[in-house]
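S.K.: Following is a predicted model, sequence given first.
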Amino acid sequence: MLTLIPAFQDNYIYLSQTAHGLWIVDPGDAQPVLQYLEQLQRRPTAILCTHHHADHVGGVEQLVEHYRIPVYGHGAQIPRLTQSVNEGSWEIDGESVEVLEIPGHTLDHIAYLWQDLLFCGDTLFAAGCGRIFEGNPAMMYNSLQKLAALPDNTQVCCAHEYTQSNLRFAMAVEPENPAITERTEQVARLRRQGRPSLPSTLQEEKRSNPFLRCGEDRVISAARAHGASADSPVSVFAALRQWKNEFR
Ligand SMILES: [Zn+2]
């Protein structure tokens, strides 16, 4: 079972029930997690971090003090790290988990694939992607491609509720793509009901996320009109990312 706990303005902290455990993914804030778990009288068994930004790890310290559970992540910037994990298969809390290194947003960014759940932090968003803070466009593009290569039914569990504003941008890139129109309506419905737009599926992302569609003719021409210097996927991606940074 998967639970989304809202935190701050637009973050989600995921709780994932496994056969024998309960994981907390990217606890930027301990308080809402403690509150939720105490209400249900549940004990978590592990913390998984995708990268070092405070809105993803800010609650780790307090949760570890409270529950004394192991912390997984990549590299020394993750607080209270028990096990640094890198690209490959890992046994985490008794489960087989695939770790993917996906640098770009930060250099220590990783994703966890467990069964069909992909915890991808701030790299792939629903209908968008994260900003490039520590890497470069080619790096981010390759990381997104790595995620796009996973099965279509993969559940995209990203860390922010940015879907509506991402879809506005997607619409500006590809106004004639019916998948974007459809998704915009569907997400608006969910949000009106106060429900998260997440997780999405990789299949939905491939149809309506411009950052996974850098090889499509219409996306290429839109990017060319916004500074792409060539038709190569990386220059299309770089132009889209820059355009999105300025898009309102
Ligand atoms: Zn971040």
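M.R.: That came in fine, so what should we check first?

S.K.: Around the ion, pick out the residues from the protein.
M.R.: Along the chain, the residues adjacent to the ion under the rule Cβ under 5 Å from the ion are 53, 122. Glycine gets a C-beta too; all of them are placed from N, C-alpha and C.

S.K.: what stretches of the chain score poorly on pLDDT?
M.R.: Along the chain, the model assigns pLDDT under 70 to no residue.

S.K.: hey, where'd the strands end up in it?
M.R.: Taking DSSP state E as the test, the strands found in the chain are 2-7, 11-17, 22-25, 46-48, 71-73, 83-84, 88-92, 95-101, 110-114, 117-121, 124-125, 128-129, 155-158, 200-201.

S.K.: Turn those strands into TSV, columns for distance to His226 and mean neighbour count.
M.R.: Conversion of those to TSV gives the following (distance: least, Cβ to Cβ, whole Å; neighbours: other Cβ atoms under 10 Å):
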stretch	distance to His226	mean neighbour count
strand 2-7	33	17
strand 11-17	29	21
strand 22-25	34	24
strand 46-48	36	25
strand 71-73	35	25
strand 83-84	39	14
strand 88-92	37	13
strand 95-101	29	17
strand 110-114	28	23
strand 117-121	25	25
strand 124-125	19	26
strand 128-129	16	26
strand 155-158	24	24
strand 200-201	25	20
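
S.K.: any chance of those in JSON lines, plus distance to Asn166?
M.R.: Shown next, in JSON lines, are those (distance: least, Cβ to Cβ, whole Å):
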{"stretch": "strand 2-7", "distance to Asn166": "17"}
{"stretch": "strand 11-17", "distance to Asn166": "15"}
{"stretch": "strand 22-25", "distance to Asn166": "20"}
{"stretch": "strand 46-48", "distance to Asn166": "24"}
{"stretch": "strand 71-73", "distance to Asn166": "26"}
{"stretch": "strand 83-84", "distance to Asn166": "31"}
{"stretch": "strand 88-92", "distance to Asn166": "29"}
{"stretch": "strand 95-101", "distance to Asn166": "21"}
{"stretch": "strand 110-114", "distance to Asn166": "18"}
{"stretch": "strand 117-121", "distance to Asn166": "14"}
{"stretch": "strand 124-125", "distance to Asn166": "6"}
{"stretch": "strand 128-129", "distance to Asn166": "3"}
{"stretch": "strand 155-158", "distance to Asn166": "10"}
{"stretch": "strand 200-201", "distance to Asn166": "11"}
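
S.K.: out of those, nearest to Cys214?
M.R.: Ranking the strands of the chain by proximity to Cys214 (Cβ to Cβ) places strand 128-129 first, at 10.8 Å.

S.K.: Remind me what the closest one packs against, helices and strands.
M.R.: helix 163-173 (3 or more Cβ pairs under 8 Å, 6 or more residues apart in numbering; DSSP states H and E).

S.K.: Would you mind measuring from the residue most central in space within the chain to Glu38?
M.R.: For the chain, the residue sitting closest to the mean C-alpha position, by Cα atoms, centre = their mean, is Cys158 at 2.8 Å. Separation of Cys158 from Glu38 (Cβ to Cβ, to the nearest Å): 26 Å.

S.K.: which residues sit in contact with the nearest residue to Asn136 once chain neighbours are set aside?
M.R.: In this structure, Asn136 finds its nearest non-sequential neighbour in Gly104, 7.6 Å apart by Cβ to Cβ, 6 or more residues apart in numbering. Gly104 makes contact with 123, 130, 132, 134-136, 139-144, according to Cβ atoms under 8 Å, 6 or more residues apart in numbering.

S.K.: Please type out the ChimeraX selection for whichever of the residues you listed turn out to be buried.
M.R.: The buried subset of the contacts of Gly104, as determined by 16 or more other Cβ atoms under 10 Å, is captured in ChimeraX by this line:
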select :123,130,132,135,139,140,141,142,143,144
